[in-house]
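Q: Sequence first, predicted coordinates after that:
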Amino acid sequence: MDRHVPMHALPEEIQKMSRDDTVCKYCGVSYLILHEFKLMEDKVKAMEKEMKFYEGSVEREKRLQAQLQCLSQDFEQCTADSESKTERINNLTVQLKDKQNELQNLNEALRCFQEEKEVAHKKLQLFRKRLENHRLTLNKTLSLLPFIRRELVSIKEVVSNKLDNWTVLKEEIFLQIKTISKAASTGKSSTCNNI
């Protein structure tokens, strides 16, 4: 069936008339039936468009539900990963603090060791000075040792001579004492005999 398409549009005054003015009071059909058909066609086209949109929306909704489910699973996986990584970070933080404490203790031990090293170095310098003084004293003593030996030998000779002289002198004194004793005892006996 061919549709009749009007050549000219309805005048604006007629288009703006209310529906009650363009409808037959007896049968209720509009005098402007073609205009009504046009309006109905426009409504049908709009409804068909809307139906196509809603038909596609069911498919879209299924796809979106599937995507939402995938995203939910991804979110749960990411949450689990995040919790695991947070726990790992916490463990690493604790380990870092332990290592920092260890490092601090080692630095303190190193500082103490350096202080001890400085004290030992000062003592070593002092001992070196003392050793040098003792070495100088020993060198002086060793250089004097031959002179002292000569002096000792000379003193021994003098002492030996004096001892020899003393021995001779002592023998002479003993002999003189004996002689005097004998003379005295003979003198006493002759004095006693004279009395």
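A: Good, I have the coordinates.

Q: avg pLDDT for the helix or strand harbouring N90?
A: With elements delineated by DSSP states H and E, N90 resides in helix 33-194, which encompasses its position. In this model, helix 33-194 has a mean pLDDT of 88.

Q: Now do it: which elements does it pack against?
A: Under the contact definition 3 or more C-beta pairs under 8 Å, 6 or more residues apart in numbering; DSSP states H and E, helix 33-194 sits against no other helix or strand. Placement of C-beta: from N, CA and C, glycine included.

Q: And the residue nearest to the spatial centre of the chain, how close does it get to L106?
A: The central residue of the chain, meaning the one whose C-alpha is nearest the mean C-alpha position (C-alpha atoms, centre = their mean), is Q100 at 3.8 Å. Using C-beta to C-beta, to the nearest Å, we find Q100 at a distance of 11 Å from L106.

Q: repeat for Y26
A: Between Y26 and L106 the computed distance is 111 Å (C-beta to C-beta).

Q: what's in contact with stretch 130-142?
A: Under the contact criterion C-beta atoms under 8 Å, 6 or more residues apart in numbering, stretch 130-142 has no outside partners.

Q: Compute the distance from the centre of that stretch to the centre of its chain.
A: Average the C-alpha atoms of stretch 130-142, do the same for its chain, and the two points are 51 Å apart (C-alpha atoms, centre = their mean, to the nearest Å).

Q: so how far is F37 from L163?
A: Taken as C-beta to C-beta, the span from L163 to F37 is 172 Å.

Q: go on, R63?
A: Note on R63: its distance to F37, by C-beta to C-beta, is 39 Å.

Q: Would you mind telling me which of these two has the busier surroundings?
A: When R63 and F37 are compared for neighbours, F37 comes out ahead with 13 against 10, by other C-beta atoms under 10 Å.
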